[in-house]
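*Asks:* model this:
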Amino acid sequence: MVAFLFAACSPYPRESERMAEAMRQAEAVYGDGSLLIETDTALFVPGLAEASQYYAGKRQYGKAALAALYNGYTERDFDKEAAMVLFKEAERYGELAGDSLTMARAEYWMGRFLFNEGGEESALSAFKASISHFGNRYTERAVVENGLASTFILLTQFDSATYYLQNSLYGAQDVLSEKLELKVLNNYAVLYRVQGYYEKSIDCLRKTSRLHSLDSTEKVFVFLSFGKTFMAMEEMDSAAFYFRQLEEMATGMQIKSDTRLSIYGALLKFAEYLGDESLALRYRIEHENALYDVMSQQQEQAFYRIQKQYDYETLQNTMNKQIIQRQRIILAFGLLLLVLSVVILVLQHRHSRMLKSEEELRRKLDTLKKDLRQTVDASVVDKMVVSQLRNIIEANRAMSRTKETKGVWRSLLCKVMAGKEDTFEAAKTVIETAYPNLLLVICEKHPDLSDTEAKVCLMSCFDLTNTEISELLDLSTNTINQNRSTLRKKLNLGSEKMSKQLRDLIAK
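*Replies:* Model (predicted):
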């Protein structure tokens, strides 16, 4: 009777209904779980993380497999290791349920992760297992065969790559999927380029433009392939045409940061191939900016996910409090019964434990957010400082090789060197922008250091080579080596990495 009253007044659905709602929300985003469905941003679905374990505990392995697959899709842009574990779970539950389709999709995604991490042999096994379970689903078989072809290209097994590309192309044409056909033709172009069949590679790329109206991302990868192929053919005018198009797209269109990173990476290689140092320096700066944007987006995504998880758990705690409150109201009507009195005591005890658990969870979440923010911020700042220091070194080298410093060239050098003419002053400005008065702190903590030793100590706090430090301080490499040896003796440093020891010593 009491349990019935509890259920009737509860504002929160039963566990089975909550899990079913999580599955419905995930299916609204990912459809039936098709691997061809790509989303720009994975949707956080409350309750989905627990759904696979819940259904597995109920021995409903088919639903458990789908829940793990959906959750793997959600995690793939945030935590690849967690996503890999979830796809393995989906494969295992799918095997228990006899759901070969879910197994095939999970195996395909495991193959993609292994391919991206450089595990080509393991990726081959996962892709082949995926194909064996797809049966007559020709669209998805064609996608997996395209992935197999990409793997064989990296392994330089060109006959096998050609076989799977041909099968994938037939499959794409049979199901009238022009987007898939475009990916296959692009892989064909790569295969021909690495084999030296440049005309065939160009012909494949021209076919892609006749398939359908390319979106901005597709244009980028097609133009990149064109540029790389013409550069390999040493037809620099044609390569320059496509690289100019890419540069215009990078500056004049709204494209993703990782796509801009790929564009400027290719432009940098092209400028270095041409031997144009000023252009290479400009592209290197843009490449570093794009890399910083990508890292910033990843940081924002991580913070967004933590905040969403925290909001969800806060909502759960609020609803749990409402449940307890309504239960108390109902229990108040049965104060004449001894059994209901005992139940009230039990509920009070559970409430106290829940509050303690809530407080502990909040402390853990705050600690996790603080640690994550500090770790990500320190890593990004250090990488930016080292990147700017190396830009100063490149600018100094460029200034030493040319006497012409007027116009845009001089403006660019002044921008890189923060308006300083002395490399050490420029480097000091960059470092103290991120770490104010760091040189002063070193001198105050270690007054027995000479002026040169203090400067070498400052530069040694970052991951720079002796040659780079010598260029920044305008000293010989031998002088740097001698000063670093002296620093190890004066500061009692061990044989481990010097930069980390110095940072720890200064922070004390």
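*Asks:* gap between the longest helix seen in the chain and the chain center?
*Replies:* In the chain, taking DSSP state H as the definition, the longest helix is helix 338-401. Centre-to-centre, helix 338-401 and its host chain are 18 Å apart (Cα atoms, centre = their mean, to the nearest Å).
*Asks:* now that helix: mean pLDDT?
*Replies:* The pLDDT scores in helix 338-401 average 77.
*Asks:* which elements pack onto it?
*Replies:* Where contact means 3 or more Cβ pairs under 8 Å, 6 or more residues apart in numbering; DSSP states H and E, helix 338-401 is packed against helix 277-332, helix 407-416, helix 423-434, helix 466-473. Every C-beta, even on glycine, is put in place using the N, C-alpha and C of the backbone.
*Asks:* just the angle between it and helix 466-473, please?
*Replies:* Helix 338-401 and helix 466-473 are oriented at 70 degrees to each other (axes from the mean of the first three to the mean of the last three Cα atoms, to 10 degrees).
*Asks:* determine the angle, from 0 to 180 degrees, between helix 338-401 and helix 423-434.
*Replies:* When the same axes, to 10 degrees is applied, the directions of helix 338-401 and helix 423-434 differ by 170 degrees.
*Asks:* which of the helices and strands packed on helix 338-401 has the lowest average pLDDT?
*Replies:* Minimum mean pLDDT among the helices and strands packed on helix 338-401: helix 407-416, a mean of 59.
*Asks:* so the residue nearest to Arg76 when sequence neighbours are not counted is in which element?
*Replies:* For Arg76, ignoring the flanking residues on the chain, the nearest one in space by Cβ to Cβ, 6 or more residues apart in numbering is Ala83 at 4.3 Å. If you go by DSSP states H and E, Ala83 is part of helix 80-97.
*Asks:* hmm, who's touching that helix?
*Replies:* With contacts defined as Cβ atoms under 8 Å, 6 or more residues apart in numbering, helix 80-97 is touched by 52, 56, 61-62, 64-66, 68-69, 71-73, 75-76, 99-103, 105-107, 109-110, 113.
*Asks:* burial count for the nearest residue to Leu114 once chain neighbours are set aside?
*Replies:* Using Cβ to Cβ, 6+ apart and skipping the chain neighbours, the partner closest in space to Leu114 is Ala123 (4.0 Å). Ala123 has 24 neighbouring residues, counting by other Cβ atoms under 10 Å.
*Asks:* which strand or helix spans Ala123?
*Replies:* helix 120-134.
*Asks:* Lys500 now?
*Replies:* Applying DSSP H and E, one finds Lys500 within helix 498-507.
*Asks:* quickly note the distance from the residue lying closest to Leu154 once chain neighbours are set aside to Val85.
*Replies:* Among residues not flanking Leu154 along the chain, Glu120 sits closest, at 5.4 Å (Cβ to Cβ, 6+ apart). Distance of Glu120 to Val85, computed by Cβ to Cβ, to the nearest Å: 21 Å.
*Asks:* repeat for Arg353
*Replies:* According to Cβ to Cβ, Arg353 stands 30 Å off from Val85.
*Asks:* ok, now Leu176?
*Replies:* 36 Å.
*Asks:* between those two, which is the more surrounded one?
*Replies:* Counted by other Cβ under 10 Å, Leu176 and Val85 do not tie: Val85 has more neighbours, with 15 against 9.
*Asks:* and the helix holding Ala123, what does it pack against?
*Replies:* Judged by 3+ Cβ pairs under 8 Å, 6+ apart, the packing partners of helix 120-134 are helix 100-116, helix 138-154.
*Asks:* turn those into JSON lines, columns for distance to Asp504, mean neighbour count and mean pLDDT.
*Replies:* Below are these laid out as JSON lines (distance: least, Cβ to Cβ, whole Å; neighbours: other Cβ atoms under 10 Å; pLDDT from 0 to 100):
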{"stretch": "helix 100-116", "distance to Asp504": "34", "mean neighbour count": "22", "mean pLDDT": "86"}
{"stretch": "helix 138-154", "distance to Asp504": "41", "mean neighbour count": "23", "mean pLDDT": "86"}
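*Asks:* Glu394: which of those helices is closest?
*Replies:* Nearest to Glu394, of all the helices and strands packed on helix 120-134, is helix 100-116, at 30.4 Å by Cβ to Cβ.
*Asks:* quick one: secondary structure of the most far-flung residue of the chain relative to its centre?
*Replies:* Using Cα atoms, centre = their mean, the residue of the chain lying farthest from its centre is Leu336. It sits 61.2 Å away. Under DSSP: H, G, I helix; E, B strand; the rest coil, Leu336 falls in the coil class.
*Asks:* residues of the helix holding Ala123 that come out buried?
*Replies:* 120, 122-124, 126-127, 129-131, 133-134 (16 or more other Cβ atoms under 10 Å).
*Asks:* could you give the angle of it to helix 100-116?
*Replies:* Calculated by the same axes, to 10 degrees, helix 120-134 forms an angle of 160 degrees with helix 100-116.
*Asks:* in contact with the residue lying closest to Gln388 once chain neighbours are set aside, which residues?
*Replies:* Residue nearest to Gln388 in three dimensions, not counting chain neighbours: Val430, with 4.7 Å by Cβ to Cβ, 6+ apart. For Val430, the contact set (Cβ under 8 Å, 6+ apart) comprises 385, 388-389, 392, 418.
*Asks:* next: Phe115.
*Replies:* By Cβ under 8 Å, 6+ apart, Phe115 lies in contact with 123, 147, 150-151, 154.
*Asks:* just those residues now: which is nearest Ser278?
*Replies:* Using Cβ to Cβ, the contacts of Phe115 come closest to Ser278 at Leu154, 34.6 Å.
*Asks:* the closest one and Glu360, how far apart?
*Replies:* Using Cβ to Cβ, Leu154 is found at 48 Å from Glu360.
*Asks:* what's the answer for Glu178, then?
*Replies:* 54 Å.
*Asks:* also Leu337?
*Replies:* From Leu337 to Glu360 the distance is 35 Å (Cβ to Cβ).
*Asks:* just Leu458 next, same as before
*Replies:* Leu458 sits 43 Å away from Glu360, going by Cβ to Cβ.
*Asks:* of these two, who's got more company?
*Replies:* Leu458 (25 against 10).
*Asks:* residues in contact with that one?
*Replies:* Counting by Cβ under 8 Å, 6+ apart, Leu458 has contacts 428, 431, 438-439, 442.
*Asks:* list the buried residues of stretch 172-179.
*Replies:* Buried, per 16+ other Cβ under 10 Å, within stretch 172-179: 172, 177.
*Asks:* can you give me the end-to-end span of it?
*Replies:* End-to-end distance of stretch 172-179 (Cα to Cα, to the nearest Å): 8 Å.
*Asks:* hang on, the earlier thing: which of the buried residues of helix 120-134 lies closest to Val194?
*Replies:* For the buried residues of helix 120-134, the residue nearest Val194 by Cβ to Cβ is Glu120; the value is 14.5 Å.
*Asks:* ok, that closest one touching Ile153?
*Replies:* No - look at Glu120 against Ile153 with Cβ atoms under 8 Å: they stay out of range, at 9.7 Å.
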